[in-house]
Every structure is written in C-alpha cells, then in structure tokens.
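S.K.: no sequence on hand, only this structure:
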C-alpha cells in the first residue's frame, strides 16, 4: 500500500459519487467533471489504498465488498466536511447557526415534528436520525444541541431535562381476529409471529422477558431496525408487534390498529443537551414543546424529573 497521505478530498468525493450514482458517467455529471477525470481520481484512490474498489465489466462497474465497507466511513467523513463548510460560511455571513436535533427514528418521525410545529422557528433546523447510541454520542460530543432518545440517557457531559413514561401497545392488522378485542392478553400471542426490533438489548429484551415469564412462545419472529418497517410488515399481514407508543401513536398507518395489553410494559424516553453548551432559548422552547406534544400524543403519559433516571434504570434492570 502506498502512503495514505496521497489521499485527497477529490478522490473521496469521486468514489462516493460513483457508489451513490451507480456509474462513472452519472458521477461525472453530479461532480461536474469529465468522465476521464473521475476515472483517474478513482484509479488514484485505488493506487493509494492498495486494492480495487470496482469490478469492471465493459462499460458497467460494480463496487467490491471492500468498497462498500469503505464507503460507510467515507460518507461519514464527507458529511462532516460538508458541515464544516456550512458552519464556516455561516460565520463569514454572520448567519444564525442551525438548530441540530439528534433523535432516534421513532422520536424524529413520531414526536419531533409535532413539537416543532408548536414553536416559532426563525432558525434553520437539521434533524439527525440515528440509533440511541449514536444520538447519545452526538450530545456527548456537542455535535447536536438537543437529543431525544430512549433510556439510558445519563452519560458524562450530558444534561437530562426530563423523562417521559408511557406504555407499549400491541399493533396488528385491522382485520386480525384479535382486533375485535379491546384488550389483548399475553396468552393471545402464543403461536403468533412477532415483528420485533433488531436490537436485543433495549425494549425487545424487556418484552421478551415478559413473554417468557408468561410462558408465551411466539411462532417466529421477523427482525428489523426500523419501527416504520414493523408497521409495514404488520399491514402486510406478516405478524403482530409489541410496539413502543411514540411510533404507534405518532405514525398511524392505514390498515394497522392498536390495542392495549393486559400487562403494563412501560416505555421510557427523554430529552438531553450537552453540558458544555448552555441551551439557547430556541432549545429551551423546544424542550418544553416536546413535553407538551408527548402529553397530547401518548395515553397515560407521565413526565418524570431528570433525577428519577437512576431509579428508573434500577427498576428496568430488576425486570
């Protein structure tokens, strides 16, 4: 491998453009460069890293496995550089800094828009939707000014503002026989296929423990990393799901109905800001708007003080 000091931004941009657009020709149009220039940048990048990034079959090219793995990191780096460009331009023009909110997908789609609609927005807003772990990282590093995520929330360098509590529900297709009941017992889920979150360490772990204690064994599972995918699978008749309430009530889907369970499976989430950056007035307004939106959206919503975090986490660990 030659020195990686030979890498330059143009090579990475060309690589990302070819991956995203699917061809050198399309990438050249996006980058407003000639096709030979883009080809040369890709070849220079391959020479620098020491392995091929694309398999060539006549005019068609396909990314190698190594290229797909590399692209994840290149894309993250390019997005960061884009943010630097924007911030530098805003400083030069003395523009207001956009409000960057980091949130898990369920919060970003099910709760945040309702809260944003409640406040007067003069600033630009950027929504970073990612996993709970990445949401926490964005707040710890002060990349984002506000975070919305499920628990745990307490980390070094993070201020918790409030914790919300609601209860999980069962989501099922509207013509499912169980939809005739107002309340579903855990026993009703025996031999039913469950649509579940992929992450086994958060909500899924907790409701699987509840099912085991009730000696209820599903017929099988379909795993996904998206609550929206869960709803779509339910609408297609692929199974039922024990669903967190923000997605359930915040993203109603035609053909999917919600029913209460005969056991309370609490769901906790909250709002955080970086300790290193005192919240601006717009952030404080959004924190309050999120609380109001949650109270309006979620049945049996309870708002807990931030100092309740340790007690809540202890109760979850004892389940």
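M.R.: On my side now, so go ahead. As the structure is a computational prediction, the values presented were derived from the model and not from experiment. Numbers count the residues shown, from 1 in each chain.
S.K.: just the pLDDT at the residue lying closest to residue 21 once chain neighbours are set aside, thanks.
M.R.: Among residues not flanking residue 21 along the chain, residue 27 sits closest, at 4.9 Å (CB to CB, 6 or more residues apart in numbering). C-beta: built from backbone N, CA, C; applies to glycine. At residue 27, the model reports a pLDDT of 88.
S.K.: what's around residue 27, how many residues?
M.R.: For residue 27, the count of nearby residues is 24 (other CB atoms under 10 Å).
S.K.: what's the neighbour count on residue 117?
M.R.: Around residue 117 there are 10 other residues, counting by other CB under 10 Å.
S.K.: 273 is where my numbering starts, stick with that
M.R.: Sure, I'll start numbering at 273, so the last one becomes residue 389.
S.K.: what's the longest helix seen in the chain packed up against?
M.R.: Scanning the chain for the helix with the most residues, using DSSP state H, yields helix 337-365. Under the contact criterion of 3 or more CB pairs under 8 Å, 6 or more residues apart in numbering; DSSP states H and E, helix 337-365 touches helix 281-293.
S.K.: contacting residues around the helix it packs on?
M.R.: 296, 298-299, 301-303, 305, 310, 313-314, 316-317, 320, 325-326, 333, 335, 339-340, 342-343, 346-347, 349-350, 353 (CB atoms under 8 Å, 6 or more residues apart in numbering).
S.K.: again, only using 10 Å
M.R.: Identification of contacts with helix 281-293 by CB atoms under 10 Å, 6 or more residues apart in numbering yields 279, 295-303, 305, 309-321, 325-326, 333, 335, 339-340, 342-343, 345-347, 349-351, 353.
S.K.: with stretch 346-362 instead?
M.R.: Taking CB under 10 Å, 6+ apart as the rule, stretch 346-362 contacts 279, 281, 283-285, 287-289, 291-292, 317, 339, 367-370, 372, 396, 398, 400, 415.
S.K.: would you mark the buried spots in it?
M.R.: Using 16 or more other CB atoms under 10 Å as the test for burial, stretch 346-362 gives 346, 350.
S.K.: so where's the chain uncertain?
M.R.: 273-279, 331, 358-359, 361-368, 591 (pLDDT under 70).
S.K.: and with 80 instead?
M.R.: The chain contains residues with pLDDT under 80 at 273-279, 329-332, 351-369, 394-395, 472-473, 589-591.
S.K.: domains for it, by residue range?
M.R.: Domain assignment for the chain by automatic domain parsing gives 276-364, 371-435+541-590, 441-536.
S.K.: distance of the residue nearest to residue 293 from residue 291?
M.R.: Counting by CB to CB, to the nearest Å, the gap from residue 299 to residue 291 is 8 Å.
S.K.: could you do residue 309 as well?
M.R.: From residue 309 to residue 291 the distance is 17 Å (CB to CB).
S.K.: those two: which has the busier surroundings?
M.R.: A direct count of neighbours by other CB under 10 Å for residue 309 and residue 291 places residue 291 higher, at 18 against 14.
S.K.: would you mark the buried spots in stretch 443-451?
M.R.: Buried residues in stretch 443-451, counted by 16+ other CB under 10 Å: 443-445, 448, 450-451.
S.K.: all strands of the stretch 323-472 of the chain, in order?
M.R.: Under the criterion DSSP state E, counting those that start in this stretch, the stretch 323-472 of the chain contains strands at 326-329, 332-335, 371-375, 397-401, 418-422, 430-439, 441-445, 455-456, 465-469.
S.K.: which one, of those, ends up nearest to residue 514?
M.R.: Closest to residue 514 of the strands of the stretch 323-472 of the chain, according to CB to CB: strand 441-445, at 6.0 Å.
S.K.: what's the angle between that closest one and strand 465-469?
M.R.: 120 degrees (axes from the mean of the first three to the mean of the last three CA atoms, to 10 degrees).
S.K.: all helices of this protein, in order?
M.R.: Assigned by DSSP H, the chain shows helices spanning 281-293, 296-303, 307-321, 337-365, 377-382, 384-388, 404-412, 475-485, 499-507, 517-522, 553-569, 581-590.
S.K.: nearest residue to the residue sitting nearest the centre point of the chain in space, please, no chain neighbours.
M.R.: By CA atoms, centre = their mean, the chain has its centre lying nearest to residue 402, at 2.9 Å. In this structure, residue 402 finds its nearest non-sequential neighbour in residue 374, 6.8 Å apart by CB to CB, 6+ apart.
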